[in-house]
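>>> predicted model, plus sequence, below.
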Amino acid sequence: DTEVTQTPKHLVMGMTNKKSLKCEQHMGHRAMYWYKQKAKKPPELMFVYSYEKLSINESVPSRFSPECPNSSLLNLHLHALQPEDSALYLCASSQDSLTPGLFFGSGTQLSVL
Amino acid sequence: AQSVTQLGSHVSVSEGALVLLRCNYSSSVPPYLFWYVQYPNQGLQLLLKYTTGATLVKGINGFEAEFKKSETSFHLTKPSAHMSDAAEYFCAVRGSGSARQLTFGSGTQLTVLP
């Protein structure tokens, strides 16, 4: 299994909603990442988990809350988002945080109304 | 510090023609270099990567790239474009032996004309 699976593929939410994005990989990778990508732009790093511990938070607003329940799963909890948070949210994994080369999921297209 | 510059936000080629997508980088340490492709409404797929060793790197779908240290370049080529190559292409750099993450270029949209 060489895939990173993200659910849901599409999500529409209001500014008062609470929702979660999910990411799963079964490649035995110990580093997992959340990226945000606006249309026609490169991905921007949000969070990095290394061995289930948060190692990098790129000054992301607290309305985004990551969670890594185990080495295969990564969640992104969303609360009180703003319309400008609408974007494609990409999960990625790598063998560890030092090994070059990321495997990306297909993303969750999020729309905040 | 590291950065990536992709020359040309849009490139159009005819089907069967040579594809050349340009990438220049700057890095204070020996770099790892990558090309990713993104199809509409999809995630990023790794095309190829340079870490160490041979400077001509072959990737998937007939693409290859050459690491030229003297020119700080890592241009992506394919001898003959196919309609299915139409996509967004991102060059990325990462410092070797570093825990820091990928720095992406701004992307190049490749259009293949029939």
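Ah, there it is.

>>> list, one by one, the residues from chain B near chain A.
By the rule CB under 8 Å from any CB of the partner chain, the part of chain B lying against chain A is B:32, B:34, B:36, B:41-46, B:49, B:51, B:88, B:90, B:94, B:96-99, B:101-102, B:104-107, B:109. Placement of C-beta: from N, CA and C, glycine included.

>>> hmm, which of those residues are the buried ones?
B:32, B:34, B:36, B:42-46, B:49, B:51, B:88, B:90, B:94, B:98, B:101-102, B:104-105, B:107 (16 or more other CB atoms under 10 Å in any protein chain shown).

>>> now, which of these lie within strands?
If you go by DSSP state E, those have B:32, B:34, B:36, B:44, B:45, B:46, B:49, B:88, B:90, B:94, B:104 in strands.

>>> need the max-distance pair from those residues.
Greatest spacing in these, by CB to CB: B:32 and B:88 (20.9 Å).

>>> what residues does residue A:44 make contact with?
A:35, A:36, A:37, A:38, A:58 (CB atoms under 8 Å, 6 or more residues apart in numbering or on different chains).

>>> output these as TSV; include the columns secondary structure.
Converted to TSV, these look like this (DSSP: H, G, I helix; E, B strand; the rest coil):
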residue	secondary structure
A:35	strand
A:36	strand
A:37	strand
A:38	coil
A:58	coil
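
>>> out of these, who's the most crowded?
residue A:35 (27 neighbours; other CB atoms under 10 Å in any protein chain shown).

>>> that one reaches residue A:90, doesn't it?
Yes: here residue A:35 lies in contact with residue A:90, judged by CB atoms under 8 Å, at a distance of 4.3 Å.
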